[in-house]
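K.L.:
From the sequence below, what's the structure:
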Amino acid sequence: MSFADSLLEQAAVYRLWQTPFAKRKLAPIDESGDIARARRVLDIACGPGTNAARFSHTDYVGVDINDKYVAAARRRHRGRFIATDVTAPMQEDLGKFDFILMNSFLHHLSAAEAMRVLVASRSLLAPGGHIHVLDLVLPQRASVARYLALADRGRFPRPVDEWRVMFAGVFETVSFARYDLSAFGVPLWEMIYFKGASAL
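P.N.:
Coordinates of the predicted model:
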């Protein structure tokens, strides 16, 4: 693990790093109005509760493998936070959720691991519920965004079409869109937003 990655494992450092972009990352979901309608939320790879305040009106469960993140989230936010490896079968019966969120998580996983998590997530969707995925794109052409994607501590940023195929293999696509996170007019990260429903 690099020194920078070690720093980002610390909850306070990660929170500081995410602050300028946390709200903008969720913009596609905000525009849908789905957060206001959410009742029971599962935030997979919740970090130190980066998104928790947005769901204070819900029955919120956050899970993350980093126990330092989870401890920080418990101190700062209401809701239930669980330290667990979400790539392995969960030991707890969490019930069903009408809103499942994965924010910038799957690019940390290999394709096989990501598919396993997506399939497991599908089984946690309540009837009529949706999964919302925000994740990092690997641009095809040389750019600042491509450089930053390759420098990310997540080793599996994917081209847009690869994300599309991955999601369509597990969920019925409700919405799929690409968007940029920019600073001073320069796209720093290309992102995808996927909203899916159970295809079963």
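
K.L.:
what's the burial count for the closest residue to N103 other than its chain neighbours?
P.N.:
Spatially, and ignoring its direct neighbours in sequence, N103 is nearest to L134 (4.9 Å; CB to CB, 6 or more residues apart in numbering). Any C-beta I mention is one placed from the backbone N, CA and C, and that applies to glycine too. Residues near L134, counting by other CB atoms under 10 Å, number 21.

K.L.:
Distance of L134 relative to A83?
P.N.:
Distance check for L134 against A83: by CB to CB, to the nearest Å, it reads 22 Å.

K.L.:
Look up phi and psi at S143.
P.N.:
Here is the backbone geometry of S143 (degrees, to the nearest 10): phi -170, psi 170.

K.L.:
tell me the pLDDT at it?
P.N.:
pLDDT, S143: 91.

K.L.:
need the contact list for the one residue sitting closest to the centre of the chain.
P.N.:
Centrality entry for the chain: nearest residue to the mean C-alpha point is N103, 1.6 Å, by CA atoms, centre = their mean. N103 makes contact with 25-26, 43, 45, 50-51, 134, according to CB atoms under 8 Å, 6 or more residues apart in numbering.

K.L.:
next structured bit after the helix or strand that contains K23?
P.N.:
Under the criterion of DSSP states H and E, K23 resides in helix 11-25. Once the chain leaves helix 11-25, the next helix or strand it forms, by DSSP H and E, is helix 27-32.

K.L.:
tell me which element V86 is part of?
P.N.:
Judged by DSSP H and E, V86 forms part of no helix or strand.

K.L.:
What is the nearest of the contacts of N103 to L188?
P.N.:
K25 (11.7 Å; CB to CB).

K.L.:
quick one: which helix or strand includes the closest residue to the closest one other than its chain neighbours?
P.N.:
Closest residue to K25 apart from its sequence neighbours, by CB to CB, 6+ apart: L134 at 5.6 Å. Per DSSP H and E, L134 falls inside strand 125-136.

K.L.:
okay, the angle between the helix or strand that comes right after that strand and strand 125-136?
P.N.:
Where DSSP H and E defines the elements, the next helix or strand beyond strand 125-136 is helix 144-151. Compare the direction of helix 144-151 with that of strand 125-136 by axes from the mean of the first three to the mean of the last three CA atoms, to 10 degrees and you get 110 degrees.

K.L.:
then the helix or strand just after helix 144-151 to CSV, C-alphas only?
P.N.:
Under the assignment DSSP H and E, the closest C-terminal helix or strand after helix 144-151 is helix 160-168. The C-alpha coordinates for helix 160-168 follow below in CSV (Å, rounded to 0.1, in the frame of the first residue of the first chain):
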residue,chain,number,x,y,z
VAL,A,160,-18.2,3.1,-20.0
ASP,A,161,-19.2,0.1,-22.1
GLU,A,162,-17.7,-2.3,-19.6
TRP,A,163,-19.7,-0.8,-16.8
ARG,A,164,-22.9,-1.0,-18.9
VAL,A,165,-22.4,-4.7,-19.7
MET,A,166,-21.6,-5.5,-16.1
PHE,A,167,-24.8,-3.9,-14.7
ALA,A,168,-27.0,-5.2,-17.5
